[in-house]
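In: next come a sequence and a model predicted from it.
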Amino acid sequence: MTGHVMTTNTNSNTFSLLTPDRLVKALALASLVLFVFIELYFFKISYHPIGYAASGLLVLFGIWRIATEKDRFQRIRIVTIVSLFVLFWFIVPVVFKVKVPILGGQWGSFPQLHTIGSLTFFVYFGIVLLFGKRVDCGWCCPCVTARETIGFPFRDKTVRNELWWRLRHLKWLTLGMLVVYLALMIYDAGTAYNRAGKYFYGFVTYAYYGSFLLIPFTGNRNFCRILCPFAALWGVLSVSGFYRIKANREDCISCGKCEEVCDMGIPIVAMVKEKGQIRSIECMGCGRCVNICPTNALSFHSAAGYVKEMIAKIT
Ligand code: SF4
Ligand code: SF4
Ligand code: SF4
(Lines give C-alpha, C1' and ligand atoms only; values in the text may rest on other atoms or scores of the structure.)
(Ligands and ions follow the chains in the order given, each with its own letter.)
Protein backbone atom coordinates (compact mmCIF):
# COMPACT_ATOMS: atom_id res chain seq x y z
CA MET A 1 0.00 0.00 0.00
CA THR A 2 2.77 2.41 1.00
CA GLY A 3 4.67 1.42 -2.13
CA HIS A 4 1.57 2.13 -4.23
CA VAL A 5 1.19 5.59 -2.69
CA MET A 6 4.88 6.29 -3.27
CA THR A 7 4.59 5.18 -6.91
CA THR A 8 1.54 7.42 -7.44
CA ASN A 9 3.33 10.39 -5.87
CA THR A 10 6.40 9.77 -7.97
CA ASN A 11 4.26 9.65 -11.13
CA SER A 12 2.41 12.85 -10.24
CA ASN A 13 5.74 14.55 -9.47
CA THR A 14 7.04 13.43 -12.85
CA PHE A 15 3.94 14.85 -14.56
CA SER A 16 4.18 18.12 -12.63
CA LEU A 17 7.81 18.41 -13.77
CA LEU A 18 6.80 17.86 -17.39
CA THR A 19 4.71 21.00 -17.87
CA PRO A 20 4.10 22.12 -21.49
CA ASP A 21 6.34 25.13 -20.87
CA ARG A 22 9.23 22.94 -19.68
CA LEU A 23 8.74 20.50 -22.52
CA VAL A 24 8.89 23.29 -25.11
CA LYS A 25 11.98 24.74 -23.40
CA ALA A 26 13.67 21.32 -23.39
CA LEU A 27 12.93 20.85 -27.11
CA ALA A 28 14.08 24.40 -27.84
CA LEU A 29 17.32 23.87 -25.91
CA ALA A 30 18.06 20.62 -27.77
CA SER A 31 17.27 22.38 -31.07
CA LEU A 32 19.51 25.33 -30.24
CA VAL A 33 22.45 23.00 -29.55
CA LEU A 34 21.77 20.92 -32.66
CA PHE A 35 21.32 24.05 -34.78
CA VAL A 36 24.63 25.56 -33.65
CA PHE A 37 26.50 22.29 -34.08
CA ILE A 38 25.13 21.66 -37.58
CA GLU A 39 25.60 25.23 -38.73
CA LEU A 40 29.18 25.46 -37.53
CA TYR A 41 30.23 21.97 -38.54
CA PHE A 42 28.55 21.61 -41.92
CA PHE A 43 27.26 24.90 -43.16
CA LYS A 44 29.80 27.57 -42.42
CA ILE A 45 32.62 25.64 -43.95
CA SER A 46 31.12 24.11 -47.05
CA TYR A 47 27.47 25.15 -47.46
CA HIS A 48 26.70 21.45 -47.00
CA PRO A 49 23.04 20.45 -47.60
CA ILE A 50 22.80 19.27 -43.99
CA GLY A 51 23.29 22.93 -43.08
CA TYR A 52 20.11 23.72 -44.97
CA ALA A 53 18.40 20.84 -43.20
CA ALA A 54 19.15 22.54 -39.86
CA SER A 55 17.00 25.37 -41.08
CA GLY A 56 14.08 22.95 -40.98
CA LEU A 57 14.22 23.21 -37.18
CA LEU A 58 13.48 26.91 -37.49
CA VAL A 59 10.56 26.25 -39.80
CA LEU A 60 9.09 23.65 -37.42
CA PHE A 61 9.33 26.03 -34.46
CA GLY A 62 8.02 28.78 -36.74
CA ILE A 63 4.88 26.75 -37.43
CA TRP A 64 4.48 26.24 -33.69
CA ARG A 65 4.87 29.99 -33.16
CA ILE A 66 2.26 30.83 -35.79
CA ALA A 67 -0.17 28.27 -34.35
CA THR A 68 0.20 29.49 -30.76
CA GLU A 69 0.64 33.26 -31.18
CA LYS A 70 -2.49 35.05 -29.96
CA ASP A 71 -1.63 38.62 -30.96
CA ARG A 72 -2.70 39.30 -34.56
CA PHE A 73 0.11 41.75 -35.34
CA GLN A 74 2.75 39.35 -33.98
CA ARG A 75 1.21 36.48 -35.94
CA ILE A 76 1.47 38.52 -39.15
CA ARG A 77 5.07 39.31 -38.27
CA ILE A 78 5.96 35.67 -37.62
CA VAL A 79 4.23 34.52 -40.80
CA THR A 80 6.28 37.12 -42.71
CA ILE A 81 9.51 36.12 -40.99
CA VAL A 82 9.03 32.40 -41.62
CA SER A 83 7.81 32.93 -45.21
CA LEU A 84 10.83 35.09 -46.11
CA PHE A 85 13.09 32.52 -44.48
CA VAL A 86 11.58 29.71 -46.55
CA LEU A 87 11.89 31.88 -49.67
CA PHE A 88 15.51 32.85 -49.07
CA TRP A 89 16.80 29.62 -47.51
CA PHE A 90 14.85 26.90 -49.33
CA ILE A 91 13.10 28.06 -52.49
CA VAL A 92 15.80 30.33 -53.92
CA PRO A 93 18.76 28.06 -53.14
CA VAL A 94 17.02 24.94 -54.42
CA VAL A 95 15.07 26.33 -57.40
CA PHE A 96 17.58 28.94 -58.59
CA LYS A 97 20.69 27.13 -57.30
CA VAL A 98 21.93 30.27 -55.55
CA LYS A 99 23.62 30.08 -52.17
CA VAL A 100 21.76 31.80 -49.33
CA PRO A 101 21.03 35.11 -51.04
CA ILE A 102 20.18 36.98 -47.85
CA LEU A 103 23.77 36.60 -46.67
CA GLY A 104 25.24 37.06 -50.09
CA GLY A 105 26.40 33.48 -50.57
CA GLN A 106 29.29 33.47 -53.00
CA TRP A 107 27.53 34.07 -56.28
CA GLY A 108 26.49 37.49 -57.42
CA SER A 109 23.37 36.64 -59.36
CA PHE A 110 20.69 37.12 -56.72
CA PRO A 111 19.82 39.86 -54.18
CA GLN A 112 22.45 40.05 -51.49
CA LEU A 113 20.77 41.90 -48.68
CA HIS A 114 23.61 41.65 -46.19
CA THR A 115 26.57 42.05 -48.51
CA ILE A 116 27.93 45.57 -48.54
CA GLY A 117 28.77 46.64 -52.07
CA SER A 118 25.99 44.78 -53.87
CA LEU A 119 23.28 46.76 -55.61
CA THR A 120 20.52 45.18 -53.55
CA PHE A 121 22.33 46.07 -50.34
CA PHE A 122 22.02 49.74 -51.23
CA VAL A 123 18.37 49.32 -52.20
CA TYR A 124 17.84 47.68 -48.81
CA PHE A 125 19.83 50.53 -47.25
CA GLY A 126 17.27 52.98 -48.65
CA ILE A 127 14.32 50.89 -47.47
CA VAL A 128 15.73 50.83 -43.92
CA LEU A 129 16.14 54.61 -44.09
CA LEU A 130 12.46 54.96 -45.04
CA PHE A 131 10.91 52.34 -42.77
CA GLY A 132 13.51 51.73 -40.08
CA LYS A 133 15.57 48.88 -38.77
CA ARG A 134 12.39 46.85 -38.34
CA VAL A 135 12.52 46.05 -42.08
CA ASP A 136 15.41 43.71 -41.31
CA CYS A 137 15.79 43.06 -37.59
CA GLY A 138 12.09 42.70 -36.84
CA TRP A 139 10.82 41.09 -40.02
CA CYS A 140 13.46 39.56 -42.29
CA CYS A 141 16.99 38.75 -41.07
CA PRO A 142 17.66 34.98 -40.73
CA CYS A 143 18.80 35.74 -37.22
CA VAL A 144 15.40 37.07 -36.22
CA THR A 145 13.88 33.91 -37.67
CA ALA A 146 16.07 31.73 -35.47
CA ARG A 147 15.59 33.89 -32.40
CA GLU A 148 11.83 34.28 -32.78
CA THR A 149 11.35 30.52 -33.31
CA ILE A 150 13.76 28.21 -31.45
CA GLY A 151 14.87 31.10 -29.26
CA PHE A 152 11.35 32.26 -28.45
CA PRO A 153 10.64 29.96 -25.45
CA PHE A 154 13.45 31.77 -23.60
CA ARG A 155 12.13 35.30 -24.12
CA ASP A 156 11.20 35.31 -20.45
CA LYS A 157 14.92 35.22 -19.64
CA THR A 158 15.59 38.55 -21.35
CA VAL A 159 17.96 40.53 -19.17
CA ARG A 160 16.80 44.08 -18.64
CA ASN A 161 19.19 46.02 -16.47
CA GLU A 162 21.58 48.93 -16.57
CA LEU A 163 24.64 46.79 -17.35
CA TRP A 164 23.02 45.20 -20.41
CA TRP A 165 21.79 48.55 -21.59
CA ARG A 166 25.40 49.79 -21.45
CA LEU A 167 26.72 46.67 -23.20
CA ARG A 168 24.83 47.71 -26.34
CA HIS A 169 27.78 49.99 -27.17
CA LEU A 170 29.99 46.95 -27.85
CA LYS A 171 28.40 46.59 -31.26
CA TRP A 172 30.36 49.65 -32.42
CA LEU A 173 33.48 47.52 -32.10
CA THR A 174 32.20 44.90 -34.55
CA LEU A 175 30.99 47.63 -36.89
CA GLY A 176 34.44 49.23 -36.55
CA MET A 177 36.08 45.91 -37.50
CA LEU A 178 33.86 45.75 -40.58
CA VAL A 179 34.68 49.33 -41.57
CA VAL A 180 38.43 48.67 -41.23
CA TYR A 181 38.05 45.59 -43.41
CA LEU A 182 36.14 47.55 -46.06
CA ALA A 183 38.68 50.37 -45.97
CA LEU A 184 41.49 47.87 -46.49
CA MET A 185 39.52 46.37 -49.40
CA ILE A 186 39.66 49.76 -51.11
CA TYR A 187 43.32 50.23 -50.21
CA ASP A 188 44.57 46.75 -51.10
CA ALA A 189 41.89 44.19 -51.89
CA GLY A 190 44.43 41.36 -52.28
CA THR A 191 45.55 41.42 -48.65
CA ALA A 192 42.46 42.85 -46.91
CA TYR A 193 41.01 39.48 -45.97
CA ASN A 194 44.20 38.24 -44.30
CA ARG A 195 44.84 41.55 -42.60
CA ALA A 196 41.34 42.18 -41.28
CA GLY A 197 38.58 40.17 -42.91
CA LYS A 198 39.37 36.83 -41.34
CA TYR A 199 39.43 38.33 -37.86
CA PHE A 200 36.12 40.07 -38.44
CA TYR A 201 34.40 36.98 -39.84
CA GLY A 202 36.00 34.67 -37.26
CA PHE A 203 34.93 36.79 -34.31
CA VAL A 204 31.44 37.54 -35.57
CA THR A 205 30.75 33.95 -36.64
CA TYR A 206 31.71 32.38 -33.31
CA ALA A 207 30.11 35.15 -31.27
CA TYR A 208 26.95 34.81 -33.34
CA TYR A 209 26.62 31.05 -32.95
CA GLY A 210 27.89 31.11 -29.37
CA SER A 211 25.15 33.59 -28.52
CA PHE A 212 22.53 30.95 -29.38
CA LEU A 213 23.86 28.73 -26.62
CA LEU A 214 23.49 31.60 -24.15
CA ILE A 215 19.86 32.28 -25.07
CA PRO A 216 18.48 30.15 -22.17
CA PHE A 217 20.28 32.51 -19.76
CA THR A 218 20.03 35.89 -21.47
CA GLY A 219 16.93 35.86 -23.67
CA ASN A 220 16.72 35.44 -27.42
CA ARG A 221 18.06 38.78 -28.68
CA ASN A 222 21.46 38.74 -26.96
CA PHE A 223 23.62 39.03 -30.09
CA CYS A 224 21.31 41.61 -31.70
CA ARG A 225 21.52 43.76 -28.59
CA ILE A 226 25.24 43.65 -28.02
CA LEU A 227 27.42 42.60 -30.92
CA CYS A 228 25.75 42.63 -34.31
CA PRO A 229 27.47 45.10 -36.68
CA PHE A 230 24.29 45.38 -38.72
CA ALA A 231 22.37 46.31 -35.58
CA ALA A 232 24.63 49.36 -35.42
CA LEU A 233 24.48 50.09 -39.14
CA TRP A 234 20.72 49.65 -39.54
CA GLY A 235 20.24 51.46 -36.24
CA VAL A 236 22.06 54.57 -37.51
CA LEU A 237 19.85 54.54 -40.59
CA SER A 238 16.80 54.02 -38.43
CA VAL A 239 17.39 57.10 -36.30
CA SER A 240 18.60 59.17 -39.28
CA GLY A 241 15.54 58.31 -41.33
CA PHE A 242 11.81 58.50 -40.87
CA TYR A 243 11.17 55.66 -38.44
CA ARG A 244 10.23 56.22 -34.82
CA ILE A 245 7.58 55.30 -32.26
CA LYS A 246 5.80 58.44 -31.18
CA ALA A 247 4.46 58.64 -27.65
CA ASN A 248 1.68 60.73 -26.26
CA ARG A 249 3.15 61.68 -22.86
CA GLU A 250 -0.19 62.70 -21.38
CA ASP A 251 -1.66 59.26 -22.08
CA CYS A 252 1.24 57.35 -20.49
CA ILE A 253 0.37 56.05 -17.02
CA SER A 254 3.88 54.63 -16.39
CA CYS A 255 2.56 51.08 -16.04
CA GLY A 256 5.80 49.68 -17.51
CA LYS A 257 4.06 47.03 -19.61
CA CYS A 258 5.88 48.20 -22.74
CA GLU A 259 9.28 47.61 -21.14
CA GLU A 260 8.27 44.16 -19.91
CA VAL A 261 7.70 42.95 -23.49
CA CYS A 262 10.66 44.67 -25.17
CA ASP A 263 13.23 42.04 -26.13
CA MET A 264 15.84 44.74 -26.74
CA GLY A 265 15.73 45.94 -23.13
CA ILE A 266 14.99 49.52 -24.12
CA PRO A 267 14.09 51.84 -21.20
CA ILE A 268 10.88 52.87 -22.94
CA VAL A 269 9.12 54.59 -20.04
CA ALA A 270 12.00 57.02 -19.49
CA MET A 271 12.17 57.73 -23.23
CA VAL A 272 8.44 58.40 -23.35
CA LYS A 273 8.67 60.82 -20.43
CA GLU A 274 11.86 62.56 -21.56
CA LYS A 275 11.54 62.63 -25.33
CA GLY A 276 7.95 61.79 -26.19
CA GLN A 277 9.17 59.14 -28.58
CA ILE A 278 11.22 55.96 -28.93
CA ARG A 279 13.94 56.82 -31.36
CA SER A 280 16.70 54.40 -30.51
CA ILE A 281 19.07 52.40 -32.68
CA GLU A 282 18.08 49.41 -30.54
CA CYS A 283 14.42 49.36 -31.60
CA MET A 284 13.80 46.60 -34.12
CA GLY A 285 10.16 47.49 -34.60
CA CYS A 286 8.51 44.32 -33.32
CA GLY A 287 5.53 46.42 -32.21
CA ARG A 288 5.02 44.58 -28.92
CA CYS A 289 5.17 47.80 -26.90
CA VAL A 290 2.70 49.54 -29.22
CA ASN A 291 0.25 46.65 -29.05
CA ILE A 292 0.37 46.10 -25.30
CA CYS A 293 0.06 49.74 -24.20
CA PRO A 294 -3.28 49.94 -22.33
CA THR A 295 -3.80 53.63 -23.17
CA ASN A 296 -2.69 53.51 -26.82
CA ALA A 297 -0.02 56.08 -26.03
CA LEU A 298 2.42 54.66 -28.61
CA SER A 299 2.21 54.62 -32.39
CA PHE A 300 4.52 53.75 -35.30
CA HIS A 301 5.72 56.43 -37.67
CA SER A 302 7.78 56.01 -40.83
CA ALA A 303 8.00 57.44 -44.35
CA ALA A 304 4.51 56.15 -45.13
CA GLY A 305 3.10 58.22 -42.24
CA TYR A 306 4.79 61.40 -43.48
CA VAL A 307 3.37 60.88 -46.97
CA LYS A 308 -0.11 60.40 -45.47
CA GLU A 309 0.27 63.56 -43.35
CA MET A 310 1.38 65.57 -46.40
CA ILE A 311 -1.56 64.31 -48.45
CA ALA A 312 -3.94 65.14 -45.57
CA LYS A 313 -2.54 68.69 -45.39
CA ILE A 314 -2.91 69.22 -49.12
CA THR A 315 -6.46 67.83 -49.36
S1 SF4 B 1 20.55 42.80 -35.07
FE2 SF4 B 1 21.82 41.74 -36.59
S3 SF4 B 1 21.54 39.56 -36.20
FE4 SF4 B 1 19.88 40.65 -35.13
S5 SF4 B 1 18.20 40.66 -36.59
FE6 SF4 B 1 19.34 42.58 -36.92
S7 SF4 B 1 20.82 42.14 -38.55
FE8 SF4 B 1 20.04 40.17 -37.76
S1 SF4 C 1 2.63 50.64 -21.76
FE2 SF4 C 1 1.89 52.65 -22.42
S3 SF4 C 1 1.05 53.57 -20.57
FE4 SF4 C 1 2.32 51.86 -19.90
S5 SF4 C 1 4.34 52.79 -19.51
FE6 SF4 C 1 4.35 52.06 -21.63
S7 SF4 C 1 3.74 53.84 -22.86
FE8 SF4 C 1 3.17 54.28 -20.74
S1 SF4 D 1 10.72 49.55 -28.40
FE2 SF4 D 1 8.81 48.45 -28.93
S3 SF4 D 1 8.95 48.06 -31.13
FE4 SF4 D 1 11.00 48.61 -30.42
S5 SF4 D 1 11.98 46.66 -29.97
FE6 SF4 D 1 11.07 47.36 -28.05
S7 SF4 D 1 9.03 46.43 -27.98
FE8 SF4 D 1 9.77 46.24 -30.10
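Out: Cool, got the structure. Ligands and ions are numbered 1, 2, ... in the order given.
In: Leu178 and ligand 3, how far apart?
Out: Note on Leu178: its distance to ligand 3, by C-beta to the nearest ligand atom, to the nearest Å, is 23 Å. Just so you know, the C-beta spots here come from the backbone N, C-alpha and C atoms, and that holds for glycine as well.
In: please identify the helix or strand for the closest residue to Met177 other than its chain neighbours.
Out: Nearest residue to Met177, sequence neighbours excluded (C-beta to C-beta, 6 or more residues apart in numbering): Phe200, at 4.4 Å. Under DSSP states H and E, the secondary-structure element containing Phe200 is helix 198-218.
In: next SSE after that helix?
Out: Helix 198-218 is succeeded, C-terminally, by helix 222-226 (DSSP H and E).
In: which stretches of this structure form strands?
Out: 244-247, 277-278, 298-301 (DSSP state E).
In: strands paired with the first one, and their directions?
Out: Meaning strand 244-247. Strand pairing for strand 244-247, using DSSP bridges, gives strand 277-278 (antiparallel), strand 298-301 (antiparallel).
In: so which of these comes closest to ligand 2?
Out: Among the strands paired with strand 244-247, the nearest to ligand 2 by C-beta to the nearest ligand atom is strand 298-301 (5.3 Å).
In: touching ligand 3 at all, that closest one?
Out: No - judged by C-beta under 6 Å from any ligand atom, strand 298-301 stays clear of ligand 3, getting no closer than 7.5 Å.
In: what residues does that strand touch?
Out: 242-248, 258, 272, 278, 285, 287, 289-290 (C-beta atoms under 8 Å, 6 or more residues apart in numbering).
In: can you check stretch 172-179 too?
Out: By C-beta under 8 Å, 6+ apart, stretch 172-179 touches Ile116, Ala196, Tyr199, Phe200, Phe203, Val204, Ala207, Leu227, Cys228, Pro229, Ala232, Leu233.
In: who in the protein is up against ligand 3?
Out: Taking C-beta under 6 Å from any ligand atom as the contact definition, the chain meets ligand 3 at 261-262, 264, 266, 268, 278, 283-289.
In: ok, which pair from the contacts of strand 298-301 is furthest apart?
Out: Using C-beta to C-beta, these span at most 21.4 Å, a distance reached by Phe242 and Cys258.
In: name the residues that touch the helix holding Phe200?
Out: So helix 198-218 is contacted by 25, 29, 32-33, 35-36, 39-40, 44, 143, 146-147, 151, 154, 157-159, 174, 177-178, 180-181, 222-223, 227-229 (C-beta under 8 Å, 6+ apart).
In: flag the helix or strand of this protein with the lowest per-element mean pLDDT.
Out: helix 44-46 (a mean of 51; mean pLDDT, DSSP states H and E).
In: on that earlier part again, filter the contacts of strand 298-301 down to the buried ones and hand me the ChimeraX line.
Out: Per 16 or more other C-beta atoms under 10 Å, the buried members of the contacts of strand 298-301 correspond to this ChimeraX selection:
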select :242,243,244,245,246,247,258,272,278,285,287,289,290
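In: I'd like the contacts of strand 298-301 laid out as CSV, including distance to ligand 2 and pLDDT.
Out: What follows is the contacts of strand 298-301, written out as CSV (distance: C-beta to the nearest ligand atom, whole Å; pLDDT from 0 to 100):
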residue, distance to ligand 2, pLDDT
Phe242, 21, 91
Tyr243, 18, 93
Arg244, 14, 93
Ile245, 9, 96
Lys246, 11, 95
Ala247, 6, 96
Asn248, 9, 95
Cys258, 3, 97
Val272, 5, 97
Ile278, 9, 96
Gly285, 16, 93
Gly287, 13, 94
Cys289, 6, 97
Val290, 9, 97
